[in-house]
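Trainee: need a structure here:
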Amino acid sequence: MNSGGPHGPEPSGELDKRKAYILATVVYEYIATAEPVASQSLTQKYNLGVSSATVRNEMAELEAGGYLVQPHTSAGRVPSDAGYRIYVDQLMQPERLETDDRRRIHEELRDASRELDEIIEGTTRLLGRLSKNLAFATKPASETTTFKHIQLIWLGARTGVAIVVTSLGVSAQSVFELTADVTPDDLTRLSNALNARLGNRILGEINESDVSAATRELGLHDDLKNAVVNAMRSVRTGEQPTLTASGAQNLLDQPEFHDLRKLRSILRIVEEQKTLYDLVADSMNAEAAEVKIGHELGVEEMTDFSIVTVPYRFGQHAIGMLSILGPRRMPYARLMALASGTAETLSERLSDVEIK
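Mentor: Numbering: from 1, shown residues only. You can find the predicted model right below:
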């Protein structure tokens with residue numbers, strides 16, 4: 001038995017063509033069967049062009065190199081984290097999203113509500129069903145949204161309301177008190193000036209000097225500048241992005257998680273949204289689907305899992321992430337195509353409507 005534990009020792013050396021092909025076949029077979037793979041079964045089921053003894057020797061070398069592990073005293077072996085990694089990065093054949101899946105995604109998102117939260121939650125439920133794993137999505141963080149406009153409403157000579165509207169809808173409104181009189185026309189002129197100056201800029205990039213320039217040009221009191229700055233700040237200092245998850249019950253169907261202790265640990269992590277968010281936070285600006293495998297997740301309870309993550313966008317800006325969480329023995333090519341296709345359609349859906 002391999003002394004490197006269930007995830008194997010550190011990988012060593014480059015793989016030659018034959019070892020790479022055998023490793024890819026082992027991964028493919030293990031994904032399909034969930035059973036440790038023996039050399040004899042490989043030579044019986046696949047035309048490898050070499051003898052069973054040669055395959056056995058190559059698998060032993062792959063094990064010694066850290067790409068396969070022997071989970072128990074049986075003759076079969078399973079991929080290590082390193083084996084999966086080289087499979088995903090170099091050996092796997094990319095897949096296209098299946099036509100039926102693409103049609104279902106388009107139809108369900110086309111008919112979805114115009115409310116942002118409901119669109120994201122519906123997308124997560126759909127992704128959980130199609131992937132047969134746990135799907136989760138981060139809802140947009142306000143600092144990734146763009147400023148659409150501000151409306152300053154006159155309530156009295158020294159009182160008003162500031163309403164900040166972002167690309168995701170009305171995000172904040174706040175009452176302000178002034179130390180000097182202001183007219184309704186003053187507020188209208190300042191609203192127009194700010195909208196012309198700041199419209200469609202990333203909210204997090206707007207600073208106090210931008211607001212100061214507008215109030216100074218109009219000869220307005222600093223109190224108004226402070227009212228606008230405070231309204232902007234109330235949007236930017238919103239809570240950390242929240243998650244919506246769906247499909248946890250799908251994990252019950254995976255042989256790896258028939259051990260209820262393992263399942264409880266993952267369900268606890270799903271409930272602790274911060275841990276789940278931290279797993280994918282660094283993938284926000286990725287251009288394509290990213291995969292983290294086993295120990296790469298950095299959480300001891302998650303070493304039997306992998307995550308596929310892809311950002312979705314509103315206009316040009318990444319505002320959230322769609323992720324699929326499942327066993328390390330997941331069909332990576334299909335799930336990467338599925339996550340990417342879903343994120344692409346979701347991005348199109350968000351761009352087609354004015355979120356209210």
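
Trainee: can you pull out the helices in the stretch 251-356 of the chain?
Mentor: Assigned by DSSP state H, counting those that start in this stretch, the stretch 251-356 of the chain shows helices spanning 260-271, 273-280, 332-352.

Trainee: Please name every helix or strand in contact with the last one.
Mentor: The one in question is helix 332-352. Helix 332-352 sits against helix 99-110, helix 116-131, strand 305-314, strand 317-327, with contacts defined as 3 or more CB pairs under 8 Å, 6 or more residues apart in numbering; DSSP states H and E. Yep, even glycine has a C-beta here, placed from its N, CA and C like the rest.

Trainee: So which bits of it are buried?
Mentor: Within helix 332-352, the residues scored as buried using 16 or more other CB atoms under 10 Å are 332-347, 349-350.

Trainee: tell me the average confidence for it?
Mentor: For helix 332-352, mean pLDDT rounds to 91.

Trainee: Alpha carbons of it, in PDB - could you do that?
Mentor: C-alpha atoms of helix 332-352 as PDB (Å, rounded to 0.1, in the frame of the first residue of the first chain):
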ATOM      1  CA  TYR A 332     -14.600  17.200 -15.000                       C
ATOM      2  CA  ALA A 333     -15.000  17.900 -18.800                       C
ATOM      3  CA  ARG A 334     -18.800  17.700 -18.700                       C
ATOM      4  CA  LEU A 335     -19.100  19.800 -15.500                       C
ATOM      5  CA  MET A 336     -16.700  22.500 -16.800                       C
ATOM      6  CA  ALA A 337     -18.800  22.700 -20.000                       C
ATOM      7  CA  LEU A 338     -22.000  22.800 -18.000                       C
ATOM      8  CA  ALA A 339     -20.800  25.500 -15.600                       C
ATOM      9  CA  SER A 340     -19.400  27.600 -18.400                       C
ATOM     10  CA  GLY A 341     -22.500  27.300 -20.500                       C
ATOM     11  CA  THR A 342     -24.700  28.200 -17.600                       C
ATOM     12  CA  ALA A 343     -22.600  31.200 -16.600                       C
ATOM     13  CA  GLU A 344     -22.600  32.400 -20.200                       C
ATOM     14  CA  THR A 345     -26.400  32.200 -20.500                       C
ATOM     15  CA  LEU A 346     -26.900  33.800 -17.100                       C
ATOM     16  CA  SER A 347     -24.600  36.700 -18.200                       C
ATOM     17  CA  GLU A 348     -26.700  37.200 -21.300                       C
ATOM     18  CA  ARG A 349     -29.900  37.100 -19.300                       C
ATOM     19  CA  LEU A 350     -28.600  39.700 -16.900                       C
ATOM     20  CA  SER A 351     -27.500  41.900 -19.800                       C
ATOM     21  CA  ASP A 352     -30.800  41.700 -21.600                       C
END
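
Trainee: next one: that helix to chain centre, how far?
Mentor: 11 Å (CA atoms, centre = their mean, to the nearest Å).

Trainee: cool, and stretch 304-318?
Mentor: Centroid separation for stretch 304-318 versus its chain: 3 Å, with CA atoms, centre = their mean.

Trainee: for stretch 177-194, same thing?
Mentor: How far stretch 177-194 lies from its chain's middle: 42 Å, per CA atoms, centre = their mean.

Trainee: Touching it from outside, list them.
Mentor: Applying CB atoms under 8 Å, 6 or more residues apart in numbering, the external contacts of stretch 177-194 come out as 149-154, 157-160, 211, 214-215, 217-218, 220-221, 223-224, 227-228.

Trainee: Please point out which parts of it sit buried.
Mentor: Neighbour-count burial for stretch 177-194 [16+ other CB under 10 Å]: 178, 182, 186, 187, 189, 190, 191, 193, 194.

Trainee: repeat for stretch 204-218
Mentor: 204, 206, 210, 211, 214, 215.

Trainee: Output those residues as CSV; include the columns distance to residue 283 and secondary structure.
Mentor: As requested, the buried residues of stretch 204-218 are exported to CSV (distance: CB to CB, whole Å; DSSP: H, G, I helix; E, B strand; the rest coil):
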residue, distance to residue 283, secondary structure
204, 19, helix
206, 26, coil
210, 30, helix
211, 33, helix
214, 37, helix
215, 40, helix
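
Trainee: closest to residue 43 among these?
Mentor: residue 204 (57.8 Å; CB to CB).

Trainee: Give me the neighbour count for the closest residue to residue 339 other than its chain neighbours.
Mentor: Setting aside the residues directly before and after it, residue 339 is nearest to residue 310 in space (CB to CB, 6 or more residues apart in numbering), at 4.7 Å. Residue 310: 25 surrounding residues under other CB atoms under 10 Å.
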